[in-house]
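Visitor: Next comes the sequence, and after it the predicted model I'd like to discuss.
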Amino acid sequence: MRLISLLFAAFSAAMLGLAAGAVWMLPTMALQRPLPVLALAAGWLLALAVRAWVRPAGRVAGALAAGATVLAAIYVDALTAAARIAGAMGIGLLDALREAGPSMLLALAELAVRPVDVALTLAGALLAAWVASRRRKSE
């Protein structure tokens, strides 16, 4: 039973990470430039969400929040690559996602990643782990 609970928590954290990546894409596309600094905000918010709704504060919640933050950063990079393909080819975003496929999108996202992106993603993941592992003062 404990394994099922942990698997469901991991699935829930992954879904929160994907949702955060999709929301992160909105200002990225509106400003038409990468916004790696949002990894800090995403990490903090994901940590609060994981701690409140997925797992109680602790090491597991910290690991889940950090993983969700990294997943959000990867997802926003893949979505940005798909948006660039869609714009270059004059097709819709969903068509670009479908035609390119995950492997091509991840490869294009990897080409666009700068060292500062990696550093801020790791900082966001560390922040998420720290916030999710700490108990609130009122607890």
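Guide: Thanks, I have the structure now. Here the structure is a predicted model, which is why all the values come from computation and not from measurement.

Visitor: Could you use CA atoms for every contact and neighbour count after this?
Guide: Fine.

Visitor: Okay, helices next: where are they in the protein?
Guide: Taking DSSP state H as the criterion, the chain carries its helices at 2-31, 38-49, 59-89, 93-112, 115-133.

Visitor: Show me what the fourth one is packed against.
Guide: Other helices and strands packing on helix 93-112, by 3 or more C-alpha pairs under 8 Å, 6 or more residues apart in numbering; DSSP states H and E, are helix 59-89.

Visitor: Now do the buried residues in the helix it packs on.
Guide: The neighbour-count check on helix 59-89 (16 or more other C-alpha atoms under 10 Å) flags 60-86 as buried.

Visitor: Check stretch 17-36 too.
Guide: Within stretch 17-36, the residues that qualify as buried by neighbour count (16+ other C-alpha under 10 Å) are Gly17, Leu18, Ala19, Ala20, Gly21, Ala22, Trp24, Met25, Thr28, Pro34, Leu35, Pro36.

Visitor: quick one: contacts of that stretch?
Guide: 38, 42, 46, 67-76, 79-80, 116-117, 120-121 (C-alpha atoms under 8 Å, 6 or more residues apart in numbering).

Visitor: same thing but 7 Å
Guide: Counting contacts by C-alpha atoms under 7 Å, 6 or more residues apart in numbering, the residues outside stretch 17-36 that touch it are Ala42, Ala68, Thr69, Leu71, Ala72, Ala73, Tyr75, Val76, Asp117, Leu120.

Visitor: swap in stretch 53-64?
Guide: Counting by C-alpha under 7 Å, 6+ apart, 9-10, 12-13, 50-51, 128-130, 132-135 sit against stretch 53-64.
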